[in-house]
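In: sequence first, predicted model second:
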Amino acid sequence: MKKEKQQMIQEEEQQNYTFLQKVLYLFIFPVLFLITVVLGILTFQGTNVFDLAQTFIPKETAKNEEPVENGKEALPNKEDESKPETSQEVIMLEREINDKEREITKLVAELEQANNRIRDLEAQEREIKSSTKELAALYERMSTKKAAGIIMELEEEMALLILKDLSVSKKSGILGQLEPDQAARFTKLLAEDE
């Protein structure tokens, strides 16, 4: 059995290879292997192999050249000159668009916060109005002397809110109990508010 294997191996070694097989085994496979190894090393080092390969490819100038007329040289194509600038412009415009989108998103978020704040303030205003109406109803039932004494102790804004919700007769009675300068100030504030 060993003898048969040895004979087969010897026969294969003795077999004549064709010219193409010799070229394939001796040159093409090693060159392909070498190219693969070099590309792998360059990629591992961070080199963009495709950009590097572009530098070795000749640029097509025949398409861009125009025929020479009357001894004048053809002018270079403006579109070809502006291609690198155009791609840079596109990149800059994309960056600007992204910046504007971020700015819009930020402004939309701020607008939503402002709308929420407005809703909260409107709810607070409704609560204050309902509570001042209840307080005004309480003051309606009080004597004008007691109501005037309490209103003098309140903050001016709160006193003004309560006075607005009182009936005209109760309002005039309370203002009559106040000192003249205070009554004049509240009367002026009530007139400005209406």
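Out: Perfect, I can see it now. Residues are numbered from 1 along each chain as shown.
In: how about K59, secondary structure?
Out: Local secondary structure at K59 is given as coil here, using DSSP: H, G, I helix; E, B strand; the rest coil.
In: which other helices and strands does the host helix or strand of E134 contact?
Out: According to DSSP states H and E, E134 maps onto helix 83-141. Applying 3 or more Cβ pairs under 8 Å, 6 or more residues apart in numbering; DSSP states H and E, one finds that helix 83-141 contacts helix 144-153, helix 156-165, helix 168-177. The C-beta positions use only the backbone N, C-alpha and C, and glycine is treated the same way.
In: tell me what angle that helix forms with helix 156-165.
Out: Counting by axes from the mean of the first three to the mean of the last three Cα atoms, to 10 degrees, helix 83-141 lies at 60 degrees to helix 156-165.
In: now do helix 83-141, average pLDDT.
Out: Averaging pLDDT along helix 83-141 gives 89.
In: and stretch 180-194, by the same measure?
Out: 85.
In: re earlier: looking at the helices and strands packed on helix 83-141, spot the one closest to F44.
Out: helix 156-165 (74.5 Å; Cβ to Cβ).
In: which residues does G176 contact?
Out: If a contact means Cβ atoms under 8 Å, 6 or more residues apart in numbering, then G176 has T144, A183 as its contacts.
In: my bad, I128
Out: L161.
In: report the central residue of this structure.
Out: The centre of the chain sits closest to R102, judged by Cα atoms, centre = their mean, with a distance of 1.9 Å.
In: residues near R117, how many?
Out: 10 (other Cβ atoms under 10 Å).
In: to clarify, my last question referred to K170.
Out: 18.
In: pretty sure it contacts T144?
Out: Yes. Counting by Cβ atoms under 8 Å, T144 is a contact partner of K170 at 6.9 Å.
In: assign the closest residue to L160 other than its chain neighbours to helix, strand or coil.
Out: Leaving aside its sequence neighbours, L160 sits nearest to L189 (Cβ to Cβ, 6 or more residues apart in numbering; 5.4 Å). With three-state DSSP as the basis, L189 sits in helix.
In: what about L189, how many residues nearby?
Out: Counted with other Cβ under 10 Å, the neighbours of L189 add up to 16.
In: I'd like the distance between it and M92.
Out: Noted for L189: a distance of 58 Å to M92, by Cβ to Cβ, to the nearest Å.
In: equivalent analysis for Y25, please.
Out: On the measure of Cβ to Cβ, Y25 and M92 end up 53 Å apart.
In: now do A114
Out: As judged by Cβ to Cβ, A114 and M92 stand 32 Å apart.
In: now swap in R102 and tell me
Out: With the distance defined as Cβ to Cβ, R102 ends up 16 Å from M92.
In: and for R119?
Out: 41 Å.
In: what do you get for E179?
Out: According to Cβ to Cβ, E179 and M92 sit 72 Å apart.
In: quick revisit: looking at the helices and strands packed on helix 83-141, which is closest to F56?
Out: Proximity to F56 (Cβ to Cβ) singles out helix 156-165 among these, at 81.9 Å.
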